[in-house]
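>>> I'll drop the sequence and a predicted model, then ask my questions.
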Amino acid sequence: MNAKHLTGIGKTSISALALAAILAAPAVLAQSGDQMNQEQRAPMGQPSSGAMTNEQSSISVDDLDDRKVVNSSDDEIGDIDAIVRNKQDNSLNAVIDVGGFLGMGGKKVVVPLNELQMHGEDKLLAPQSASTQDQLKAMPEYDEDRYTEVSDDMRIGHSEFGGSASGSNMQ
């Protein structure tokens, strides 16, 4: 073989390799991007180190239904029956069933959502002004004509609550 022939083969090989590299580059970059995204993600069930997503910083109305309402001593004083919106001022409120037994004989009262605090995994902390069943019963009674129920899939941001009690974890 002569040198001229090798140069032609070398040029063809280099051109073919360059073309292959150009064609493969998007796939390689996409794969390395996926690896980077996976490395940046927190393990399942762990909060990410970055900004909170909407789901991490909010809770669905459906998840709030039937949650226990407790006082600062962790005594159960009621249950969330519904989340409603005041027709007059558009504020979100919790309808709390208090004082009943097996769903009977209780009273449904309305407490502004911004007066409740998330407490642990599955409870809401009642405001200091309603820390007993009797005080909770003294809150305004639920009047369906003044409120509109919100959709169960509506998400409520943590800023709608009055803060978080110790040990809270919004999911």
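Nice, thanks for sending it over. These numbers were taken from a predicted model, which means no experiment stands behind them.

>>> Longest strand in the protein, please.
Across the chain, the longest stretch assigned as strand under DSSP state E is strand 76-86.

>>> any idea of the angle the helix or strand following that strand forms with strand 76-86?
Using DSSP states H and E, the helix or strand that follows strand 76-86 in sequence is strand 92-98. Calculated by axes from the mean of the first three to the mean of the last three Cα atoms, to 10 degrees, strand 92-98 forms an angle of 150 degrees with strand 76-86.

>>> rewinding a little: packing partners for the longest strand of the chain?
helix 61-64, strand 68-70, strand 92-98, strand 107-112, helix 133-137, strand 147-149 (3 or more Cβ pairs under 8 Å, 6 or more residues apart in numbering; DSSP states H and E). Bear in mind the C-beta positions are built from the backbone N, C-alpha and C, glycine included.

>>> Let me know the average pLDDT across stretch 129-148.
Stretch 129-148 comes out with an average pLDDT of 93.

>>> What residues sit buried inside the longest strand of the chain?
Across strand 76-86, burial judged by 16 or more other Cβ atoms under 10 Å covers Ile77, Gly78, Asp79, Ile80, Asp81, Ala82, Ile83, Val84, Arg85.

>>> what's next to it, contact-wise?
Identification of contacts with strand 76-86 by Cβ atoms under 8 Å, 6 or more residues apart in numbering yields 61, 64-71, 91-99, 108-110, 113, 124, 126, 130-133, 136, 142, 146-150, 154, 156.

>>> Repeat that for stretch 153-166.
For stretch 153-166, contacts defined as Cβ under 8 Å, 6+ apart pick out 54-55, 57-62, 64, 83, 92, 113-120, 125, 127, 170.

>>> For Val98, which residues are in contact?
Val69, Ile77, Gly78, Gly106, Lys107, Lys108, Val109, Gln133, Leu136, Lys137.

>>> Which one of the residues you listed sits in the busiest neighbourhood?
Gly78 (29 neighbours; other Cβ atoms under 10 Å).

>>> Give me the pLDDT for it.
Gly78 is given a pLDDT of 93.

>>> Excluding chain neighbours, give the residue nearest to Gly106 in space.
Closest residue to Gly106 in three dimensions, ignoring its sequence neighbours and counting by Cβ to Cβ, 6 or more residues apart in numbering: Gly100, at 2.3 Å.

>>> re the thing from before, the longest strand of the chain vs strand 107-112, what angle?
Computed by the same axes, to 10 degrees, the angle between strand 76-86 and strand 107-112 is 60 degrees.

>>> Convert the C-alpha atoms of strand 76-86 to PDB, please.
What follows is strand 76-86, C-alpha atoms only, in PDB (Å, rounded to 0.1, in the frame of the first residue of the first chain):
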ATOM      1  CA  GLU A  76     -58.700  15.100  70.700                       C
ATOM      2  CA  ILE A  77     -61.500  17.700  70.700                       C
ATOM      3  CA  GLY A  78     -63.000  17.300  67.200                       C
ATOM      4  CA  ASP A  79     -62.600  16.100  63.600                       C
ATOM      5  CA  ILE A  80     -62.400  17.900  60.300                       C
ATOM      6  CA  ASP A  81     -65.600  17.400  58.500                       C
ATOM      7  CA  ALA A  82     -65.000  19.700  55.400                       C
ATOM      8  CA  ILE A  83     -63.000  22.600  54.100                       C
ATOM      9  CA  VAL A  84     -65.200  25.500  52.900                       C
ATOM     10  CA  ARG A  85     -64.800  28.900  51.500                       C
ATOM     11  CA  ASN A  86     -66.700  31.900  53.000                       C
END
